[in-house]
Structures are given as C-alpha cells and as structure tokens.
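Student: Take this sequence and fold it.
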Amino acid sequence: MADTLTTNLSLVKVEVGGSVNTWGDKVNTNMDLLDAAISTPIPPSQLDGAPGTGLVVANGGTTFLARALAVGGGLSVADGDGVAGDPTVTVLPSTATAKALPVDADLVLVGDSAATFAVKKSTRTQFLKGALHTAPRLVEVNKGVSFGAASMDLSAANYFRVEFGVGSTPRFVFTNLPAAGEVIEVVVVLANTGGGLGYNDVDGYKWPGGAPPDISAAGTYVFRCLVYNAETIVTHVTTAVS
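Tutor: Residues are numbered from 1 along each chain as shown. Alright, predicted model coming up:
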C-alpha cells in the first residue's frame, strides 16, 4: 500500500515496510507541520459552523466553534451548534484599559472587587446612587473643652467639636494641612457655653464679610472651611444654633 495523507494537516502516513531511505525525511516534515499547527491559531473560517469572522469558543475539551460578532450590536452568540444566547463577559481589572462599556441604552458594566474577574451589570441610576452612598464621609473628632487654641489634626478627621467656657479666647488651628494642589472641606462645631467670648483672629483666615463672626452670645456655631496648603477660607458660619 502506498503512502497516504491525513485528512486535516496532510501528514504523510508512511506505507508499512516502505520508504526505506526516506521515512526520516517524511517524519521530520510531519513534525514541522504539527509544530506550525499547534503554534498558529486556526482561523474561524476553518472551523465548524464558521461565519468567517468573529470569536472562537470552546465547545468541549477538544473541539472549538466560531461565533459571530454583530456589528454595532454588542456581543452575541450565533447559531452553530444549535445553541444561542448571551455569553458571560469577563473583564480583567488588572489589565483593562479605560474604555466605555455600554451594555444597552441604560446599562453599564461595573467590576466587583470582592470576586476575582467578576463583572456585573447596573443601571446608570443605580451606579450613581452607589457612588453617592459610598462617597467619603466626614470623620468626627471631639476636642472637648478648650480655653485657647484648639489644635485640629486634618490627617485624623475633618469634622471637629470643641467647647469654650468662661474666660476662653476661642481659636482653632489646623495641623497636617493637605498637600499642595489639594483642598479639604472641614466643619468645626464651636460651643460657647460661657457667653461673652470673641474669636481670636491671629491665623489670617479669610472670613465671610472680611472678619470673624460675632460669637459673644452663648450657643453653638458651625464653621464650614476650605483648607488649602497655604490658606484657610471660612466659607460659611451658622450662628447661635440651638
């Protein structure tokens, strides 16, 4: 029986007892063909049910099929093995680039950091609500009673409570200011429990109206401030809060 060829790669099936002086060359040629086939992906056009272009998907341990990509319609599975439906899309956060990932007119893809490779679907409204509920919150520190400068560490909090009693010279001083080019919004709740007090303006803060507010009446005063690396701007003061 003469040499024959395999169906897919045309490997030479050497005739039994033949090719006495040439079987080595034929085996080497077969090895080169196998090496090239293993290292080169098979184009979809050569696969069962192939549409010519699109995805190659596994259909079992050793078989592969081609699936179509609908232009402008996102990712879809085309008929080929009698099964159609929506595929699971995995985005690897460590390698994903900043791209728009629309799912449909009102859906976006979001990554789930609690699960490896997990990507979930969310409406834009749900996404924005989630961002709002998980936004950084004010962190509170109660400074207790002070009679002079109340030091407020911005590396620890951005919401401070402090009480000034009789004979005090109210003043708050911020430490660990933000880096250049950054800004922190800070809230200071100042309780005047003794009355007759005036703010000690020696730090060069910028005030609404150009001067510190009148805090002589007993009560609670809320200061909202923007703190930069080089200056502090008091943007709003609510006075005599009960």
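Student: Below-threshold pLDDT in the chain: ranges please.
Tutor: Low-confidence segments of the chain (pLDDT under 70): 1, 40-137, 240-242.
Student: my guess is residue 152 is in a strand, correct?
Tutor: Yes: under DSSP: H, G, I helix; E, B strand; the rest coil, residue 152 falls within a strand.
Student: Would you mind confirming that it makes contact with residue 172?
Tutor: Yes: counting by CB atoms under 8 Å, residue 172 is a contact partner of residue 152 at 5.6 Å. To be clear about C-beta, it is placed using only N, CA and C from the backbone, and glycine gets the same treatment.
Student: Need the residues touching each of these two.
Tutor: Residues touching both residue 152 and residue 172 (CB atoms under 8 Å, 6 or more residues apart in numbering): 160, 162, 188.
Student: Select from the residues you listed the one having the most neighbours.
Tutor: Of all these, residue 160 has the most neighbours under the rule other CB atoms under 10 Å, reaching 25 neighbours.
Student: Strand partners (parallel or antiparallel) of the strand or helix carrying it?
Tutor: Here residue 160 sits within strand 159-164, counting by DSSP states H and E. According to DSSP bridges, strand 159-164 has the following sheet partners: strand 140-146 (parallel), strand 184-192 (parallel).
Student: Let me see the residues that make contact with stretch 191-201.
Tutor: So stretch 191-201 is contacted by 148-149, 161-171, 207, 211-221 (CB under 8 Å, 6+ apart).
Student: out of these, which are inside helices?
Tutor: Of the contacts of stretch 191-201, none are assigned to helices by DSSP state H.
Student: To what extent is residue 34 buried, counted in neighbours?
Tutor: If we define neighbours as other CB under 10 Å, then residue 34 has 12 of them.
Student: re the thing from before, ok, residues contacting the strand holding residue 160?
Tutor: Here strand 159-164 has contacts from 138-147, 150, 152, 170, 172, 186-194, 197, using CB under 8 Å, 6+ apart.
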